[in-house]
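The amino acid sequence is not available; the structure is as follows:
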């Protein structure tokens, strides 16, 4: 088994080929996260610039790359409320 998370949409006109037989046979899980449309970004950035939206409030913990790998593995036992952000490489 395993889990794959697709963040955002594939670029271009080609639809991805997904081997559903293998996914079912190996009991894999696919989770998608779209977020927002690119056309919404100017308004979102305007809200950040004006101070009406503070993205830092979404971050629970800033970690190193090594700590981020451990945090990812620890998500098997529970997830943090906010985002864990890798800020040191």
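Thanks, I have the structure now. What you see is a predicted model, and the numbers here were worked out from it, not measured in a lab.

going forward, measure contacts between C-alpha atoms and count neighbours the same way
Fine.

wait, is residue 62 part of a strand?
Yes: the assignment for residue 62 by DSSP: H, G, I helix; E, B strand; the rest coil puts it in a strand.

what separates residue 5 from residue 42, distance-wise?
Distance of residue 5 to residue 42, computed by CA to CA, to the nearest Å: 26 Å.

elements contacting the lowest-mean-pLDDT helix or strand in the chain?
Using mean pLDDT, DSSP states H and E, strand 2-7 stands out as the lowest-scoring helix or strand of the chain, at a mean of 76. Where contact means 3 or more CA pairs under 8 Å, 6 or more residues apart in numbering; DSSP states H and E, strand 2-7 is packed against strand 28-33.

Compute the inter-axis angle for the strand it packs on and strand 2-7.
Orientation of strand 28-33 against strand 2-7 (axes from the mean of the first three to the mean of the last three CA atoms, to 10 degrees) gives an angle of 20 degrees.

Just checking: what are the partner strands of strand 28-33?
strand 2-7 (parallel) (DSSP bridges).

Next secondary structure after the partner strand?
helix 20-25 (DSSP states H and E).

For that following helix, report the contacting residues that lie outside it.
The contact list for helix 20-25 (CA atoms under 8 Å, 6 or more residues apart in numbering) reads residue 29.

So for that helix, mean pLDDT?
Here helix 20-25 scores 92 as its mean pLDDT.

just how off-centre is it within its chain?
Chain-centre distance of helix 20-25: 23 Å, with CA atoms, centre = their mean, to the nearest Å.

again with stretch 42-52
Centroid displacement of stretch 42-52 relative to its chain, using CA atoms, centre = their mean, is 21 Å.

same question, stretch 15-33
In terms of CA atoms, centre = their mean, the centre of stretch 15-33 is set 18 Å apart from its chain centre.

Please shift the residue numbers so they start at 39 in all later answers.
Noted, 39 is the first residue going forward, which turns the last one into stretch 53-71.

Can you check the distance spanned by that stretch, start to finish?
By CA to CA, one end of stretch 53-71 lies 17 Å from the other end.

tell me which residues form a beta bridge with residue 66?
With DSSP bridges as the rule, residue 66 is bridged to residue 40.
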